[in-house]
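*Asks:* following is a predicted model, sequence given first.
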Amino acid sequence: MKAFLASRKGLFVYKLAGSSWKLEKHHFDGVRTSYVSYNPAKKQVWLGMAHGHWGPKVHMSKDKGKTFQELPTPKVPTDDKAKSITDIWAFAFDKTGRVYVGTSPAEIFHSDDNGQTWIHNQALHTMEGREKWFAGASDGHCVHSILVHPENPDHIVIGISVGGVLESTNRGKSWAYRNDGMKAYFMPEPNDPIVQDPHLVARAPSDPQILWQQNHCGIFKSEDGGKSWNDLSKAKGLKTPFGWGVVIDDKDANIAYTVPAQSDETRVPYQKKLIVQKTVNGGKSWSVLTNGLPQKNCFDIVYRHAFSGAGKRLLFGTTTGHVFFSHNEGKKWGQIKDYLPPIYGVKLVDL
């Protein structure tokens, strides 16, 4: 098994050795790597980067992260520099071989030739209500989640911060807002479907109809593919509903994990303790996992893409460069002791 860590100073590739992780390779010294993903059908590692001078870049590896090749960067077909792509936020892959990329500003592109050329999604670019979208990240609004149905490539769900959850049933030719049940308490009209702020939207591997999201205003779950959402923020045992990432168990859609922050106003760990929250009953109740995690004077925050799971294993990286892992569904945590930069994205892959 390997762990790919996208960081402020390049990509780190770790390999599982017994019960510990050993650094196998480090790529792109000093370059911000924003997002890392894996295409299991083609066994390719995809990497989004944001050079301080050269702007966003896309790289892909065909040899399990040993080497990477640069691919063309998707571009909005306009001369307006204000609409230029500033960062890569998401990749997704469908059963036909199509590759999707989500960016900041909030745009989607797809490629049918493995990233050699990119086609801009005009339907999202001209989406009704787009003028209300606003910055949910440091560099503006972004498409951070792309969920293609594993059996039906026509069905796509995306998450935009700040813009909400959108659905396409015709492979991106048109989109509809899917924010029923969510509330944006930070807005004058909390029920406005166009200003909702999902921090991350994830699909249950075992049941494509079940979606989870960490939202600016809570934890939400959908059992109908995103058409409606249930607020789980007041569930028994939940210490705080505020956070970014969410991991769903591979085999049981009712098991999910979050690594929370204190609140929107106070973005430090809950009571300055690093905790993982876990539910085994679909969000009706939660337990707190702390064995092996720092429980005082802790200021580690986990970004939306920096938490990953594979089987019983979990791994997350933090804003202070700490990496924690569990081999037993969070019962006990260990730490990679290397001195790493801030972690932006993590992907566990059984290689």
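*Replies:* That came through, no problem. Numbering: from 1, shown residues only.

*Asks:* which stretches in this protein count as helices?
*Replies:* In the chain, the segments counted as helices under DSSP state H are 122-125.

*Asks:* so for it, the centremost residue is which one?
*Replies:* His305 (3.5 Å; C-alpha atoms, centre = their mean).

*Asks:* what about the nearest residue to that residue once chain neighbours are set aside, how many residues nearby?
*Replies:* Nearest non-adjacent residue to His305, counting by C-beta to C-beta, 6 or more residues apart in numbering: Gly345, 3.9 Å away. Yep, even glycine has a C-beta here, placed from its N, CA and C like the rest. By other C-beta atoms under 10 Å, 26 other residues sit near Gly345.

*Asks:* mind checking how far Gly345 is from Ile85?
*Replies:* Gly345 sits 17 Å away from Ile85, going by C-beta to C-beta, to the nearest Å.

*Asks:* for the residue nearest to Ser61 when sequence neighbours are not counted, name its beta-bridge partners.
*Replies:* Nearest residue to Ser61, sequence neighbours excluded (C-beta to C-beta, 6+ apart): Val45, at 4.2 Å. Per DSSP bridges, the residues bridged to Val45 are Tyr38, Ser61.

*Asks:* quick one, what contacts Val45?
*Replies:* Val45 makes contact with Phe4, Val36, Ser37, Tyr38, Asn39, Met60, Ser61, Lys64, Gly65, Phe68, Lys347, Val349 under the criterion C-beta atoms under 8 Å, 6 or more residues apart in numbering.

*Asks:* pretty sure the fourth one contacts Gln44?
*Replies:* Yes. The pair Tyr38 and Gln44 passes the contact test of C-beta atoms under 8 Å, sitting 7.2 Å apart.

*Asks:* could you measure from the residue lying closest to Gly52 once chain neighbours are set aside over to His144?
*Replies:* In space, Gly52 comes closest to Arg32 once its chain neighbours are excluded; the distance is 7.0 Å by C-beta to C-beta, 6+ apart. Distance, Arg32 to His144, by C-beta to C-beta: 16 Å.

*Asks:* of the two, give the one with the bigger neighbour count.
*Replies:* Ranked by neighbour count (other C-beta under 10 Å), Arg32 and His144 place His144 first, with 25 against 20.

*Asks:* got the confidence number for the closest residue to Val157 other than its chain neighbours?
*Replies:* Nearest non-adjacent residue to Val157, counting by C-beta to C-beta, 6+ apart: Leu147, 4.4 Å away. On the pLDDT scale, Leu147 is placed at 98.

*Asks:* give the contact list for His144.
*Replies:* Trp89, Ala90, Gly102, Ala137, Gly159, Ile160, Ser161, His199, Leu200, Arg304, His305.

*Asks:* distance check, the second one against Tyr303.
*Replies:* The spacing between Ala90 and Tyr303, counted by C-beta to C-beta, is 13 Å.

*Asks:* got it, and the fifth one?
*Replies:* Using C-beta to C-beta, Gly159 is found at 14 Å from Tyr303.

*Asks:* the more surrounded of these two?
*Replies:* Gly159 (32 against 24).

*Asks:* wait, that one sits on Ser145?
*Replies:* Yes. The criterion here is C-beta under 8 Å, and Gly159 meets it with Ser145 at 3.4 Å.

*Asks:* for these two, list the residues in contact with both.
*Replies:* Residues within reach of Gly159 and of Ser145 at once, by C-beta under 8 Å, 6+ apart, are Pro198, Leu200, Val201.

*Asks:* what is the nearest of those to Asn121?
*Replies:* Val201 (17.3 Å; C-beta to C-beta).

*Asks:* how near is the closest one to Ile158?
*Replies:* Counting by C-beta to C-beta - Val201 and Ile158 are separated by 8 Å.

*Asks:* same check on Ser326?
*Replies:* From Ser326 to Ile158 the distance is 30 Å (C-beta to C-beta).

*Asks:* Arg313 against Phe324, yeah?
*Replies:* No. Between Arg313 and Phe324 there is no contact, the gap being 11.7 Å when judged by C-beta under 8 Å.

*Asks:* neighbour count for those two, which is higher?
*Replies:* Phe324 (23 against 18).

*Asks:* by neighbour count, which of the contacts of Val45 wins?
*Replies:* Most surrounded of the contacts of Val45: other C-beta under 10 Å gives Val36, at 29 neighbours.

*Asks:* pretty sure it contacts Met49?
*Replies:* No. With contact defined as C-beta under 8 Å, Val36 does not reach Met49; the gap is 9.9 Å.
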